[in-house]
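Engineer: Following is a predicted model, sequence given first.
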Amino acid sequence: MLLKKANQLLAENKLKDAEFYYKTILKADADNGEALFGLGRIALRLERNDDAVYLLQKACERLPYMLEPLHALADAFNNVNSPNDALKVLEYAKNLASNNPDPHYYLAQHYLTYGELDKAHTTFSHALSLGVYPVTAYILLELVQLGRFDKEHNYLSNLHHLLTQTNNLRLKMVCYYALAKSYDKLEDTEQAFNYFVLANQLQRKLSEFDTQALTTFYDDIIKYNTAALLSSANKSVKGGITPLFIIGMPRSGSTLLEQMLVNHSQCSSMGESISISSDVMAFLEQKTGFSYPLCLNHLTHELINKARDLYIAKLKTASPSRPFVINKLPSNYQAIGLIYMLFPHAKFINLTRDFNATAFSVFTNYFAENEPYFCSLTEFKQYHSLYEKLMAHWQTFPALQIYNLSYEQLVTDPKGQLTALLRFIGCSFEEKCLAFYKQKIAVTTLSKHAIREPVNQHNVDKWQRYKTPLLKLLAQSQTN
């Protein structure tokens, strides 16, 4: 009963409550593998990666024939920059259940993450040959996105067949995205757009809130981030590491920019770290008794110092250790004022992109999260407006070091734009920044298929192929 309750709370993302129940179980049974697995998953979500490795190793020892703890342990190893250990775990899982496509899928994802595209394609293909399972929809989506098919040899029949075999809304949605991307590559833009619409409509049904509900939250961020608050920041705070934040809208080129910068001798990255919200905000909310951004009205020097130490601890986990550490979670723009209070020397790169191009990219990509602005052009327009309004507020404070960079300009003149950006950061341009695609650095975002190519302008005007139906859909969203 306790385990069922703990797992339910974890599924609802009520991590503190779930943690309490798992620990209660372990007090009575220290070797309970399910409880250890639950705590390991919580540690993963909170980016407590060393704890995750320890807990998940113990879980795997006590649950020797379960695949899920092994897959989670591989994720934990990757998070502590031990890809070889992750690979060994995934190969073990594949051998443990060689006729199950799930471990093959996770192994292929590992290859994809580290740029081993041929191995990824071979492993996904083998997983597909093992039969029809729930994971098959995701396997087909990855194979489609790898793009190694043509009009004679493709995955259309597999996808249409799978749609007849499942009533699961999420699996149908993934199939629709895969069909849309298939028809897009095969130059059937009408069919592609129709399936993109179906995919978005289906995912929107899984969303649990409307973007409009965020309006008060954004208004409060503006309300509580005053000139008086920011002027109270301790400007003397420095450190051996300068935090860099790549912010903006999803699908605006943050992965491309990050990969360019991490090839610089002075830059490292934490990826899309949620530490500002999961560690810093959570700490301040707990200590003040007020949620963000209301907690900003109750900051003390002691709280600011302790919150700063929490983030510094995360900065130090970035590998390799370098003077500038990137956090590329786009939504960190919501916390620029708070970040400035902790790190007045922090630098922000606001990466912008043409609205129609951004909207099209969001509309045509599958996001695992059911956020409404990821699967509805109406919701995305509202979200984009909230972002623009908040960024306009931040731009009124000269003390904030915000650099506005256009994606279109970056891919048109990468050397010139990088040179100017690196000057803002405090570095000189290095040619290897443009050779990022040759490196086998982990990439876990939606761009992992395309990031292994040199800088190009392929995606700048891609939306133009769908200009008429896209603008029509955007116009309809305006009147709804």
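Structural biologist: Great, that's in hand. Numbering: from 1, shown residues only.
Engineer: which residues touch the host helix or strand of Asn200?
Structural biologist: Using DSSP states H and E, Asn200 sits within helix 189-204. Residues from elsewhere that reach helix 189-204 (Cβ atoms under 8 Å, 6 or more residues apart in numbering): 169, 172-173, 176-177, 179-184, 363-364, 366-367, 370, 372, 374-377, 379, 465-466, 469-470, 473. Quick note: C-beta positions are derived from backbone N, CA and C, even for glycine.
Engineer: who does the very next helix or strand once past it touch, helix- and strand-wise?
Structural biologist: For helix 189-204, the following helix or strand on the C-terminal side (DSSP H and E) is helix 215-224. Packing partners of helix 215-224 (3 or more Cβ pairs under 8 Å, 6 or more residues apart in numbering; DSSP states H and E): helix 377-394.
Engineer: Could I get the buried residue list for whichever helix or strand Leu474 is part of?
Structural biologist: Leu474 belongs to helix 467-479 when assigned by DSSP H and E. For helix 467-479, burial by neighbour count (16 or more other Cβ atoms under 10 Å) applies to Pro469, Leu470, Leu473, Leu474, Ser477.
Engineer: Just put the residues you listed in TSV and tack on distance to Leu3.
Structural biologist: Converted to TSV, the buried residues of helix 467-479 look like this (distance: Cβ to Cβ, whole Å):
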residue	distance to Leu3
Pro469	49
Leu470	48
Leu473	46
Leu474	48
Ser477	44
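Engineer: which two in these are spaced the farthest apart?
Structural biologist: Put simply, by Cβ to Cβ the two of these set farthest apart are Pro469 and Ser477, 12.6 Å from each other.
Engineer: what residue ranges in the stretch 351-480 of the chain score low on pLDDT?
Structural biologist: 477-480 (pLDDT under 70).
Engineer: let's see it at 50
Structural biologist: Scanning the stretch 351-480 of the chain with the threshold set as pLDDT under 50 gives 479-480.
Engineer: Please, where are all the helices along it?
Structural biologist: With DSSP state H, counting those that start in this stretch, the ranges of helices along the stretch 351-480 of the chain come out as 355-363, 377-394, 407-412, 414-425, 467-479.
Engineer: can you list these in JSON lines and add distance to Leu315?
Structural biologist: What follows is the helices of the stretch 351-480 of the chain, written out as JSON lines (distance: least, Cβ to Cβ, whole Å):
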{"stretch": "helix 355-363", "distance to Leu315": "29"}
{"stretch": "helix 377-394", "distance to Leu315": "22"}
{"stretch": "helix 407-412", "distance to Leu315": "25"}
{"stretch": "helix 414-425", "distance to Leu315": "15"}
{"stretch": "helix 467-479", "distance to Leu315": "40"}
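Engineer: Out of these, which is closest to Asp50?
Structural biologist: Comparing those by Cβ to Cβ, helix 414-425 comes nearest, at 29.2 Å.
Engineer: Okay, domains of the chain per the record?
Structural biologist: Using automatic domain parsing, the domains assigned to the chain come out as 1-98, 100-206, 211-479.
Engineer: what angle sits between the helix or strand of the chain with the lowest mean pLDDT and helix 355-363?
Structural biologist: Least confident helix or strand, the chain: helix 467-479 with a mean of 83, by mean pLDDT, DSSP states H and E. In terms of direction (axes from the mean of the first three to the mean of the last three Cα atoms, to 10 degrees), helix 467-479 departs from helix 355-363 by 90 degrees.
Engineer: For helix 467-479, name the packing helices and strands.
Structural biologist: helix 189-204, helix 355-363, helix 377-394.
Engineer: Identify, out of those helices, the most deeply packed stretch.
Structural biologist: Neighbour counts (mean count of other Cβ atoms under 10 Å) averaged over each of the helices and strands packed on helix 467-479 peak at helix 355-363, with a mean of 21.
Engineer: residues in contact with it?
Structural biologist: 196, 200, 249-252, 373-374, 377, 380-381, 384, 459-463, 466-467, 470-471, 474.
Engineer: what is the orientation angle of that helix with helix 377-394?
Structural biologist: Angle, helix 355-363 to helix 377-394, by the same axes, to 10 degrees: 120 degrees.
Engineer: from the middle of its chain, how far away would helix 355-363 be?
Structural biologist: Relative to its parent chain, helix 355-363 has a centroid offset of 17 Å by Cα atoms, centre = their mean, to the nearest Å.
Engineer: Could you export the helix or strand harbouring Ile312 as CSV, CA atoms only?
Structural biologist: Ile312 belongs to helix 301-315 when assigned by DSSP H and E. Presented in CSV, the C-alpha positions along helix 301-315 are these (Å, rounded to 0.1, in the frame of the first residue of the first chain):
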residue,chain,number,x,y,z
HIS,A,301,21.5,38.6,2.7
GLU,A,302,21.8,35.2,4.4
LEU,A,303,19.2,33.6,2.2
ILE,A,304,20.8,35.1,-0.9
ASN,A,305,24.2,33.8,0.1
LYS,A,306,22.9,30.3,0.8
ALA,A,307,20.9,30.2,-2.4
ARG,A,308,24.0,31.3,-4.3
ASP,A,309,26.0,28.4,-2.7
LEU,A,310,23.4,26.0,-3.9
TYR,A,311,23.9,27.0,-7.5
ILE,A,312,27.7,27.2,-7.2
ALA,A,313,27.6,23.6,-6.1
LYS,A,314,25.9,22.7,-9.4
LEU,A,315,28.3,24.9,-11.4
